[in-house]
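>>> I would like the atomic coordinates for the input below:
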Amino acid sequence: HVVVEPIIFIDGMLTVPKTNPALQQFLHLHQLNGRKFEEINLERDAKQEMANLNSEVDALIECRALSIEQSENVARVMYGIDPATLTTSELRRDLLIKARQDPKRFLDIVNDPQLKLQSNIQRFFDDGLLTHRRNKTEVWFNTTSSKKKMLTEEPLSTCEAYFITDDGVEALQMLESYL
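The predicted structure follows:
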């Protein structure tokens, strides 16, 4: 004799008692397990939450340890913020908030070896030492001694690649002297 029991969901949860191993096994082997529903795994959830919290703490500690110059570089590259418009306290506060909101991205940018170069490129454009032309497909020098075309293509990543070359190192040193 088969007894059909009611299935009761409470707050979207189906609680299966230990005394019903057949239902537990059925749900465990069900083809939609993991897609439509999943078993509660408190240990897995705790590990994931701990990883997220540790990442957040690491980002906050790293943010607090940044020098002013590094903070300005991160603000320019990561958030497009012009640090000249903010006080030191405002800049540090904004970076701490951003580090807490997206710790993985923050740590990736802070640990990027090209951060200083990317920041300098952004400064060159902000200070008008480099300019875009033709719908931002060309980059031109805009200094007192040079008004010639530097390169054609997507500006920021191409600028970075150009400044690493032999010709680009000279141009980078010339532009840095203007900063």
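>>> setting aside sequence neighbours, what's the nearest residue to the residue nearest the centre of the chain?
Centroid check for the chain by C-alpha atoms, centre = their mean gives residue 105 as the closest residue, at 2.4 Å. Distances taken as C-beta to C-beta, 6 or more residues apart in numbering place residue 78 nearest to residue 105, at 7.3 Å, with adjacent residues excluded. Where C-beta positions appear, they are placed from N, C-alpha and C, glycine not excepted.
>>> separation between residue 80 and residue 111?
From residue 80 across to residue 111, the span is 20 Å (C-beta to C-beta, to the nearest Å).
>>> what do you get for residue 143?
As for residue 143, its distance to residue 111 is 32 Å (criterion: C-beta to C-beta).
>>> pick out whichever of these two has more residues nearby.
residue 143 (15 against 9; other C-beta atoms under 10 Å).
>>> buried residues in the worst-scoring helix or strand of the chain on mean pLDDT, which are they?
Lowest on mean pLDDT, DSSP states H and E among the helices and strands of the chain sits helix 155-164, with a mean of 75. Buried residues in helix 155-164, defined by neighbour count with 16 or more other C-beta atoms under 10 Å: 155, 158-159, 162-163.
>>> want to try JSON lines for those, with distance to residue 19 as columns?
Formatted as JSON lines, the buried residues of helix 155-164 follow (distance: C-beta to C-beta, whole Å):
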{"residue": "155", "distance to residue 19": "68"}
{"residue": "158", "distance to residue 19": "67"}
{"residue": "159", "distance to residue 19": "68"}
{"residue": "162", "distance to residue 19": "71"}
{"residue": "163", "distance to residue 19": "70"}
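>>> good, wrapping up.
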